[in-house]
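Engineer: Okay, sequence plus prediction incoming.
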Amino acid sequence: MGSGGGRRVGRPRAAQRPDSGLSPRDELLDAAAELFTTRGYAATTTRAVAERAGMRQASMYHYVSGKEELLAELLESTVTPSLAFARELLADDATPPENRLWELCRTDVELLCGGPHNLGGLYLLPEVRAERFAGFHAVRAELKDTYRQLLAATTAGGALVKSELDLRTDLLFGLIEGVILVHRSDPERPVSAFAEATADAALRIAGI
């Protein structure tokens, strides 16, 4: 059958939306990010996500298995850029570890708070403890270990015994992730200044 008359080939849309340039899967992720952070994860239905993305609910399952897959991918998207940058910092022997740790803290805060949606707030969902989100927890644990390695490489961190190093790492990493709550209470605060102040505070916690 031909495609005359200018008709689009593909899954039918529930409503016409301006062309965003995103793939259908990315449109679903963008819609889920907006709805999960504004309405709440539990209160958001798959139908609502599909409609916000401009497609029928049945078409949505052509691209994703459901809400859990969307949430898992959104969670991992908050961590993977920071982890990639952290790996680069670990390999940079020419820069003092104190400077690298500060830069990781600053960049991590900017990534957590710089997007259009406060995706870091999704960390607090009770559903995230489920086995379905093991991938997110594994990536997050690797990022935390990078913080630990950078802290251990500093003069202050190198003087700590293992239990103290673990505690300082927990406190430092907890501060970085805790910015999601501060950002949620005042989303208009300039992210760059917020990130630098948080990085300064993190190094003080680390004893630097």
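Structural biologist: Sure, I can see it.

Engineer: how is the protein carved up into domains?
Structural biologist: 18-70, 78-205 (automatic domain parsing).

Engineer: Tabulate those (TSV), appending mean neighbour count and mean pLDDT.
Structural biologist: Glycine gets a C-beta too; all of them are placed from N, C-alpha and C. Compiled in TSV, the domains of the chain are given as follows (neighbours: other C-beta atoms under 10 Å; pLDDT from 0 to 100):
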stretch	mean neighbour count	mean pLDDT
domain 18-70	17	91
domain 78-205	16	92
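
Engineer: Contacts for the host helix or strand of Y147, please.
Structural biologist: Secondary structure from DSSP states H and E places Y147 in helix 134-153. Here helix 134-153 makes contact (C-beta atoms under 8 Å, 6 or more residues apart in numbering) with 72, 75-76, 79-80, 82-83, 86-87, 89-90, 97, 100-101, 104, 108, 128, 157-158, 160, 165-166, 168-169, 172-173, 176, 206.

Engineer: send the alpha carbons of the next helix or strand after that helix over as PDB?
Structural biologist: Next helix or strand after helix 134-153 toward the C-terminus (DSSP H and E): helix 155-158. Only the C-alpha atoms of helix 155-158 are listed here, as PDB (Å, rounded to 0.1, in the frame of the first residue of the first chain):
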ATOM      1  CA  THR A 155      46.000  14.600  52.200                       C
ATOM      2  CA  ALA A 156      43.100  14.700  54.700                       C
ATOM      3  CA  GLY A 157      41.600  11.500  53.400                       C
ATOM      4  CA  GLY A 158      44.800   9.700  53.300                       C
END
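
Engineer: what's helix 155-158 packed up against?
Structural biologist: Under the contact definition 3 or more C-beta pairs under 8 Å, 6 or more residues apart in numbering; DSSP states H and E, helix 155-158 sits against helix 134-153.

Engineer: Now with 10 Å, please.
Structural biologist: helix 97-113, helix 134-153, helix 162-185 (3 or more C-beta pairs under 10 Å, 6 or more residues apart in numbering; DSSP states H and E).

Engineer: so how far is it off the chain centroid?
Structural biologist: 29 Å (C-alpha atoms, centre = their mean, to the nearest Å).

Engineer: Look up which helix or strand A50 falls in, please.
Structural biologist: helix 46-52.

Engineer: so how far is that helix from its chain's centroid?
Structural biologist: Taking C-alpha atoms, centre = their mean, one finds the center of helix 46-52 at 22 Å from the center of the full chain.

Engineer: Output the helix or strand hosting F36 as PDB, nothing but the C-alphas.
Structural biologist: Here F36 sits within helix 24-38, counting by DSSP H and E. Provided in PDB are the C-alpha atoms of helix 24-38 (Å, rounded to 0.1, in the frame of the first residue of the first chain):
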ATOM      1  CA  PRO A  24       9.100   8.300  20.400                       C
ATOM      2  CA  ARG A  25      11.000   6.600  23.200                       C
ATOM      3  CA  ASP A  26      12.600   9.900  24.200                       C
ATOM      4  CA  GLU A  27       9.300  11.600  24.000                       C
ATOM      5  CA  LEU A  28       7.900   9.100  26.500                       C
ATOM      6  CA  LEU A  29      10.900   9.600  28.800                       C
ATOM      7  CA  ASP A  30      10.400  13.400  28.700                       C
ATOM      8  CA  ALA A  31       6.700  13.000  29.400                       C
ATOM      9  CA  ALA A  32       7.400  10.600  32.300                       C
ATOM     10  CA  ALA A  33      10.000  13.000  33.700                       C
ATOM     11  CA  GLU A  34       7.500  15.800  33.800                       C
ATOM     12  CA  LEU A  35       4.600  13.800  35.200                       C
ATOM     13  CA  PHE A  36       6.600  11.800  37.700                       C
ATOM     14  CA  THR A  37       8.100  15.000  39.200                       C
ATOM     15  CA  THR A  38       4.900  17.100  39.200                       C
END
